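[1] Predicted model, plus sequence, below.
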Amino acid sequence: MTIIPTPVDGLFEVSHTRFTDSRGLFERLFCIEALVSILKGRHIVAVNHSKTASIGALRGLHYQMPPHAEMKLVCCLRGSVHDVAVDIRQGSSTFLRHHTTILTGDNARMVVIPEGFAHGFQVLEPDSELLYLHTAPYAPASERGLAWNDPRLAIEWPGPVTDISQRDGGHAFINDSFQGVPA
């Protein structure tokens, strides 16, 4: 596994090696020893899987407030997505900056999104599937969201949004009182 810093402080991509032969492939998606410098004592406590059917469907931008803030490790098992992480950590030098990357079922990439980031993605291929490893359990009362189309974030999505949940489509724009997430 190779850890690749991004322009957003604390956010990483990780590439891993795939071994292929006539039977198919083998790849290690998670290795605590290889990721110890990022995990810094955190442990994976939940693993989630999503499948999103239609091109242009959008999920996010989601995050959890402390004390349930979580690090997420996200990879694509099938299809492809335009993945977005937004830094909303109070006092961060990259506050409200975002990073985008393409995750596919074939590119052997993972995004490591620390606490204090909002995360979302738009589907580029039908039936795209993501795997999420979380360092905190889901805590509905701590869940929050940012508007995917917030002009302050200026995220360039690759295409029109064709499907979004009522909840994800209802997040308010950031206003001047938004302080972000305590780091």
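    Arrived safely, thanks for sending.

[2] three-state assignment of Thr101?
    strand (DSSP: H, G, I helix; E, B strand; the rest coil).

[3] what about it, neighbour count?
    19 (other C-beta atoms under 10 Å). (Glycine included, C-beta is placed from N, CA and C.)

[4] check contacts around Ser128.
    Counting by C-beta atoms under 8 Å, 6 or more residues apart in numbering, Ser128 touches Lys51, Thr52, Cys76, Arg78, Gly79, Ser80, Val81, Gly105.

[5] ranges for the strands of this protein?
    Along the chain, counting by DSSP state E, strands occupy 2-5, 12-15, 18-21, 24-27, 46-52, 58-64, 72-78, 80-87, 98-104, 109-113, 117-123, 128-134, 143-145.

[6] Compare those strands and give me the one nearest Val36.
    Among those, the nearest to Val36 by C-beta to C-beta is strand 2-5 (10.3 Å).

[7] Let's see if you can find the most crowded of the contacts of Ser128.
    Neighbour counts for the contacts of Ser128 peak at Val81, which has 27 neighbours (criterion: other C-beta under 10 Å).

[8] Surely that one is in contact with Asp127?
    No: taking contacts as C-beta atoms under 8 Å, Val81 lies outside contact range of Asp127: 11.4 Å.

[9] between those two, what contacts are shared?
    Residues within reach of Val81 and of Asp127 at once, by C-beta under 8 Å, 6+ apart, are Thr52.

[10] Please report how far the most centrally placed residue in the chain lies from Pro160.
    The chain has His119 as the residue nearest its centroid, 4.3 Å off, counting by C-alpha atoms, centre = their mean. Relative to Pro160, His119 is positioned 21 Å away (C-beta to C-beta, to the nearest Å).

[11] Please identify the residue most distant from the middle of this protein.
    Relative to the chain centroid, the chain (C-alpha atoms, centre = their mean) has Ser22 farthest, 32.4 Å.

[12] How many residues are close by the closest residue to Glu143 other than its chain neighbours?
    Spatially, and ignoring its direct neighbours in sequence, Glu143 is nearest to Gln64 (5.6 Å; C-beta to C-beta, 6 or more residues apart in numbering). Neighbour count for Gln64, taken as other C-beta under 10 Å: 23.

[13] Correct me if wrong: Gln64 contacts Ala139.
    Yes: using C-beta under 8 Å, Gln64 is in contact with Ala139, at 5.9 Å.

[14] give the contact list for Pro182.
    Pro66, Gln90, Gly116.

[15] make it 10 Å
    Neighbour list for Pro182: Met65, Pro66, Pro67, Ala69, Arg89, Gln90, Gly91, Glu115, Gly116 [criterion: C-beta atoms under 10 Å, 6 or more residues apart in numbering].

[16] Looking at those residues, which one is closest to Val36?
    Glu115 (17.2 Å).

[17] thinking again about what came up before, please tabulate the strands of the chain in TSV, including the columns distance to Ala154 and mean pLDDT.
    Putting these into TSV (distance: least, C-beta to C-beta, whole Å; pLDDT from 0 to 100) gives the following:
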stretch	distance to Ala154	mean pLDDT
strand 2-5	22	95
strand 12-15	21	96
strand 18-21	34	92
strand 24-27	34	92
strand 46-52	24	97
strand 58-64	13	97
strand 72-78	22	97
strand 80-87	11	98
strand 98-104	8	97
strand 109-113	19	97
strand 117-123	14	98
strand 128-134	24	97
strand 143-145	17	95
